[in-house]
Structure formats: structure tokens, C-alpha cells
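**Q** could you look at this predicted model? Sequence included:
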Amino acid sequence: MLPSDEPPRLLSPGQKRVLVTALLAVTLFLTARHAANRPEHAANSPPPALPPFPSQSTRVSYGGPAAYGQESFALQLTVHNSGPAPVDVLGVSQGYRGLSVVVSGWLPQTVPVGSTVSLRVGLKVTDCAAAPADAGLPFLDVTLRNTRAMETVSQILGDSYARDLSAALHSSCDNPDNRTPATTPSEPDKPVR
């Protein structure tokens with residue numbers, strides 16, 4: 001036998017086919033075993049943690065009066081997010097029939113984790129008869145949303161907000177021309193028998 005330049009073959013073509021088939025069989029077996037154990041593993045693992053409700057991680061406070069134009073009163077509303085996820089401020093409203101609310105800028109506005117956002121909220125008297133003469137415990141409804149839930153929370157903003165709002169209501173509605181006139185009966189009341 002004469003030496004040749006070809007390297008010696010370690011495996012014959014038949015042996016290569018057997019080796020590739022065996023490797024494929026082992027791979028399929030391991031994949032099937034992993035897939036069979038995966039549902040059991042997923043059922044025993046805890047569910048992913050949800051962030052707290054937006055009302056639990058957000059603090060809304062009165063930041064003082066703001067410059068106003070056509071509104072009767074404007075205020076700075078600060079929204080602080082101490083939670084682990086961003087919170088969106090979707091809306092601000094209130095329950096007095098004689099007042100309307102307008103938020104300057106745009107909504108929704110996102111409050112990043114650990115940050116504070118300031119909103120300018122304008123209140124306009126639309127009907128002095130329906131507006132409160134004195135706002136004892138005025139509130140604003142703030143709609144918040146995060147990845148867990150969407151909530152509308154009533155916020156009582158404290159004594160300074162109540163004083164400032166009452167002063168604005170008196171200045172807007174104490175003028176007799178702004179009050180809706182009271183109706184007087186056409187005939188006097190008759191005594192009750």
C-alpha cells in the first residue's frame with residue numbers, strides 16, 4: 001500500500017448517518033422532556049407582581065393659586081408618584097354644578113416613577129346660584145391610570161384651597177348682576193288649615 005495525501009477517515013458514511021440520527025433523537029428527547037416539565041414549573045411559580053393601585057402610589061396636593069385669565073380661579077395641582085410604575089393623569093373634574101374645570105396643557109399626562117408633575121387647573125363659575133356660597137370641604141376628582149387599574153379618586157385639598165376657592169367664589173358671585181334672581185310667587189302664601 002502506497003501512502004496517499006488523503007487523511008484517514010475516522011467514520012464511514014454509514015456511521016455518520018447513525019451518529020446524526022442518534023444526536024437528533026437525543027435532542028428531540030430533551031426538548032420533549034423540557035416541554036413536559038414546563039407547565040408543572042409554571043403552575044408552581046408565583047404570579048408576576050402587579051404594581052399598587054394608582055391611588056395607593058400617587059399623592060395629589062394643592063400647590064397654591066395660579067395666574068388666571070378668563071377663569072374665576074386657577075390653581076396649581078401637584079401630582080407625585082412614589083410607586084414602582086408610571087401613573088397617567090387622565091382627567092380632573094369636580095361635583096359643583098355651578099363650576100366648570102379646565103386643565104391647561106394636555107391630558108393624559110404621565111407622572112414618572114419618583115417624580116412630580118404640576119398641572120394648572122382653571123375653575124370658571126358658570127352659574128352663581130348653583131355654585132357653593134362657601135366651599136367648606138371642596139374636592140377635585142382626579143382620574144389616574146397605571147398598568148394595574150384606572151381609578152377616579154376624590155381629593156380634598158385642605159383648608160388653604162377651601163379659603164382660596166371661597167374668596168374666588170365671593171369675588172365672582174357677590175355682584176348682584178351675577179346671581180340668578182330669585183323667583184317671587186305671584187300671589188301671597190295662604191295659611192295652612
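**A** In hand now; what should we look at? The structure displayed is predicted, hence computed values, not measured ones.

**Q** which phi and psi does the residue lying closest to A133 once chain neighbours are set aside have?
**A** Nearest non-adjacent residue to A133, counting by CB to CB, 6 or more residues apart in numbering: L169, 7.1 Å away. For every residue, glycine as well, the C-beta is placed using N, CA and C. Main-chain dihedrals, L169, degrees, to the nearest 10: phi -70, psi -40.

**Q** I'd say L169 and G136 touch.
**A** No. Contact criterion CB atoms under 8 Å: L169 and G136 do not qualify, at 11.7 Å.

**Q** those two - which one has more neighbours?
**A** Remark: of L169 and G136, L169 carries more neighbours, 24 against 8, as counted by other CB atoms under 10 Å.

**Q** distance check, the more buried one against L99.
**A** Using CB to CB, to the nearest Å, L169 is found at 8 Å from L99.

**Q** show me whatever sits in contact with both of the two.
**A** Common contact partners of L169 and L99 (CB atoms under 8 Å, 6 or more residues apart in numbering): 72, 125, 131.

**Q** in strands, which of those fall?
**A** Applying DSSP state E to these, the entries found in strands are V125.

**Q** from the shared contacts of L169 and L99, which single one is nearest S55?
**A** When these are compared for distance to S55 (CB to CB), A131 comes out closest, at 27.5 Å.
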